[in-house]
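> sharing a model that was predicted from the sequence below.
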Amino acid sequence: QVHLAESGGGSVRPGASLRLSCVASGSSSSTNAMAWFRQAPGKSRECVAARSRIGVTTICADSVNGRFFISRDNARDAIYLHMNNLKPEDTAVYYCAAGSSLTSTTNGYTFWGQGIQVTVSS
């Protein structure tokens, strides 16, 4: 079993930056791939970015390319989502996910965090 603890969300104005953190505890074999997903009201959950233990990175959402970056600390079994130049359309609940293989699909991840709210509004 893996427990994922997210932190770092909040309410910010457009153009601001935030960093989300997710620390995993439990079986390291189940965290070969870790990812951030988000779900806006009335929309399906979408992949934002994912990173494998060996450093392969995928930015899944075109809308965040060049603004969001994902990093990973293997020693802490943690991933971070660095969000810059935030826009109102980035408002969503952000979820951390962990699984065995790098993928951009929700069913590719076995373990999920509880989610953390990010609100971008003027």
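Nice, I can see it.
> any idea of the pLDDT on the residue most central in space within the chain?
By Cα atoms, centre = their mean, the mean C-alpha position of the chain lies nearest to Trp36, the distance being 2.0 Å. pLDDT, Trp36: 98.
> other residues contacting the host helix or strand of it?
Taking DSSP states H and E as the definition, one finds Trp36 inside strand 33-39. Residues outside strand 33-39 that contact it (Cβ atoms under 8 Å, 6 or more residues apart in numbering) are 20, 22, 24, 45-53, 60, 70, 72, 79, 81, 90, 92-104, 106, 108-109, 115, 118. Where you see a C-beta, it was placed from the backbone N, CA and C, and this is true even at glycine.
> which of these fall in strands?
Among these, the residues falling in strands (DSSP state E) are 20, 22, 24, 46-52, 70, 72, 79, 81, 92-99, 118.
> any quick PyMOL command for the buried ones out of the residues you listed?
Listed next is the PyMOL selection for buried residues among these, using 16 or more other Cβ atoms under 10 Å:
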select buried, resi 20+22+24+47+48+49+50+51+52+70+72+79+81+92+93+94+95+96+97+98+99+118
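> can you pull out the low-pLDDT segments for this protein?
Under the criterion pLDDT under 70, no range of the chain is flagged.
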